[in-house]
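Colleague: show me the folded form of this:
(4 chains)
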Protein chains: 2
Amino acid sequence: MDVRHKAEDATRDALREAASRILRREGVRALSLRRVAREAGVTTMGIYSRFGGKDGLLDALHAEGFELLSEAQASLPEQADPLEAIVAHARAHRRMARDHQAHYQVMFERSTGFEPSSVSRERATGSLEALRAKVSDAVSRGALDGDPESIARAVFAQVHGTVALTLAGIEGGDGEAGHDAALRALLRGFAP
Amino acid sequence: MDVRHKAEDATRDALREAASRILRREGVRALSLRRVAREAGVTTMGIYSRFGGKDGLLDALHAEGFELLSEAQASLPEQADPLEAIVAHARAHRRMARDHQAHYQVMFERSTGFEPSSVSRERATGSLEALRAKVSDAVSRGALDGDPESIARAVFAQVHGTVALTLAGIEGGDGEAGHDAALRALLRGFAP
DNA sequence: TCATGTCCCATAACGGCGATATGGGTGCAT
DNA sequence: ATGCACCCATATCGCCGTTATGGGACATGA
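Modeller: Prediction:
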């Protein structure tokens, strides 16, 4: 029984990995239940019993995406300057979006026809927490002035905006340097 | 012949209007060729002969969306303060996104599986022009300092970021006031 | 040990999708 | 008048997500 349970978890993982692989390589559009099931060596119904359907599978990928984001931001080197810590945080965000575009779309675009579950939505909102902590640090050290929550949201919106426009193909000529410059301007605007 | 041509344009318009109506009321997901054709009193093939397929139809809606955006920003009252003109511009942008969410998704989210044509992509990039003009005005009047192109892109990203996060259901508590405050902070960062 | 019942999952089916092939009818040119 | 070319509606194809259904493995009680 216990073994059986383990086996179930194994095919569950196999399904999630197959889905993740297809998502990375061929995008949201190519992610069909039949395709994922075939690639994982399971019948389509296997996805229904494990994930409840396509939304459940996408929910798992949604979570995986936010894990990728927080991992990228957790392993950053320490910064003496609290503002530089925020810039590094934003850079990691942009890098994650560039390296996992399709995951990023599942995370932030609702036109896929997928609605994240309530816990997934909370996790998404919670992804602001790490940034809020860095902003709080900057505020307490006199590098920024204002409500950390509001500042963090403004920064998050700025970073997500640059990423989203890039993914949409509305590209400025400045690239990463320009994105950094825009963020630094925003931070200057919150200077004491 | 001329009459015939007019009639063709009429059903073309009927198709575009039906598509726009379905998009507004039921979202991108509900927009199928069969549905649009039925609602316009035409067979599915009528869309192929007029628009070349689903991408052509979405391209028309993409264009319609950017028209809605530029219309909303063209009819704004004059502002004495050039920075207030930029804030008003951003407000119109956010209002358009709120009032035409599905159009906005077609305009900026690529996870719909629709790739805009090259002219549509140019039109999208060109939608920055009106903002760039307002920024240029602010720079020449000494309210901002820097490259107008870069500043305009930063502002656009900031505004789009707040809108996109709202549409994604990652909502801050501050609402419109918070969005204005974030934009004003960014503008402060570009002050001379 | 054997019969019974329960649960799980693979096969099959359903309605809808975007896209394509095809056949019949209309209108023009010869 | 007759042939031809073009246009569009019908039918079809291969997918999709989801649901129904049938059979087989396993546990349970006699």
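
Colleague: C-alpha from now on. contacts and neighbour counts both.
Modeller: Will do.

Colleague: so where's chain A shaky on pLDDT?
Modeller: Where chain A drops to pLDDT under 70, the residues are A:1-8, A:173.

Colleague: if you set the cut-off to 50 instead, what comes out?
Modeller: Applying pLDDT under 50 to chain A flags residues A:1-7.

Colleague: let's verify the most centrally placed residue in it: helix, strand, or coil?
Modeller: By C-alpha atoms, centre = their mean, the mean C-alpha position of chain A lies nearest to A:Phe66, the distance being 3.9 Å. On the three-state scheme (DSSP: H, G, I helix; E, B strand; the rest coil), A:Phe66 is labelled helix.

Colleague: state the distance from it to A:Leu144.
Modeller: Distance, A:Phe66 to A:Leu144, by C-alpha to C-alpha, to the nearest Å: 27 Å.

Colleague: do the same with A:Gly113
Modeller: Counting by C-alpha to C-alpha, the gap from A:Gly113 to A:Leu144 is 39 Å.

Colleague: these two: who's more crowded?
Modeller: Set A:Gly113 next to A:Leu144 and count neighbours by other C-alpha atoms under 10 Å in any protein chain shown: A:Leu144 wins out with 22 against 15.

Colleague: the more buried one reaches A:Ala152, doesn't it?
Modeller: No: counting by C-alpha atoms under 8 Å, A:Leu144 does not reach A:Ala152; the two are 11.0 Å apart.

Colleague: was I right about the residue nearest to the centre of chain A contacting A:Ala124?
Modeller: Yes: look at A:Phe66 against A:Ala124 with C-alpha under 8 Å: they come within range, at 7.0 Å.

Colleague: quick check: neighbours shared by the two?
Modeller: Common contact partners of A:Phe66 and A:Ala124 (C-alpha atoms under 8 Å, 6 or more residues apart in numbering or on different chains): A:Met107.

Colleague: count of residues packed around the residue in chain A positioned nearest to DNA strand D?
Modeller: Closest residue of chain A to DNA strand D, C-alpha to the nearest atom of the strand: A:Ser32 (3.1 Å). Neighbour count for A:Ser32, taken as other C-alpha under 10 Å: 15.

Colleague: what do you get for A:Ala80?
Modeller: Close neighbours of A:Ala80, defined as other C-alpha under 10 Å, add up to 8.

Colleague: next up, phi/psi of it, please.
Modeller: Main-chain dihedrals, A:Ala80, degrees, to the nearest 10: phi -70, psi -50.

Colleague: any idea how far it lies from chain B?
Modeller: Separation of A:Ala80 from chain B (C-alpha to the nearest C-alpha, to the nearest Å): 22 Å.

Colleague: for A:Glu122, same thing?
Modeller: A:Glu122 is 9 Å from chain B, where distance means C-alpha to the nearest C-alpha.

Colleague: just say helix, strand or coil for that residue.
Modeller: Looking at A:Glu122 with three-state DSSP, the answer is helix.

Colleague: any idea how far it is from A:Met107?
Modeller: A:Glu122 is 12 Å from A:Met107, by C-alpha to C-alpha.

Colleague: more neighbours: which of those two?
Modeller: Using other C-alpha under 10 Å, the more surrounded residue of A:Glu122 and A:Met107 is A:Met107, with 23 against 13.

Colleague: just the element for that one, please.
Modeller: helix A:101-108 (DSSP states H and E).

Colleague: going by residue numbers, what spans are helices in chain A?
Modeller: Per DSSP state H, chain A has helices spanning A:2-26, A:33-40, A:44-51, A:54-74, A:82-99, A:101-108, A:118-126, A:129-140, A:148-167, A:175-189. These are given in chain order.

Colleague: buried ones in the second one, by neighbour count?
Modeller: Spelled out, it's helix A:33-40. Buried residues in helix A:33-40, counted by 16 or more other C-alpha atoms under 10 Å in any protein chain shown: A:33, A:35-37, A:39-40.

Colleague: let me know the angle separating it from helix A:2-26.
Modeller: Counting by axes from the mean of the first three to the mean of the last three C-alpha atoms, to 10 degrees, helix A:33-40 points 120 degrees away from the direction of helix A:2-26.

Colleague: tell me which parts of chain A are close to DNA strand C?
Modeller: By the rule C-alpha under 7 Å from any atom of the strand, the part of chain A lying against DNA strand C is A:42-46, A:49.

Colleague: change it to 6 Å
Modeller: By C-alpha under 6 Å from any atom of the strand, the residues of chain A that approach DNA strand C are A:43, A:45-46, A:49.

Colleague: just among the residues you listed, which is most surrounded?
Modeller: Result: A:Gly46 is most packed of the residues of chain A next to DNA strand C (other C-alpha under 10 Å), 19 neighbours.

Colleague: picking that back up, with distance to B:Asp99 added, can I get the buried residues of helix A:33-40 in JSON lines?
Modeller: JSON lines is the format used below for these (distance: C-alpha to C-alpha, whole Å):
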{"residue": "A:Leu33", "distance to B:Asp99": "34"}
{"residue": "A:Arg35", "distance to B:Asp99": "37"}
{"residue": "A:Val36", "distance to B:Asp99": "37"}
{"residue": "A:Ala37", "distance to B:Asp99": "39"}
{"residue": "A:Glu39", "distance to B:Asp99": "41"}
{"residue": "A:Ala40", "distance to B:Asp99": "42"}
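
Colleague: what's the closest of those residues to B:Ser117?
Modeller: Nearest to B:Ser117 among those, counting by C-alpha to C-alpha, is A:Arg35 at 28.6 Å.

Colleague: show me what residue of chain A gets nearest to DNA strand C.
Modeller: Residue of chain A nearest DNA strand C, by C-alpha to the nearest atom of the strand: A:Thr43 (4.6 Å).

Colleague: tell me who's in contact with that residue.
Modeller: A:34, A:37.
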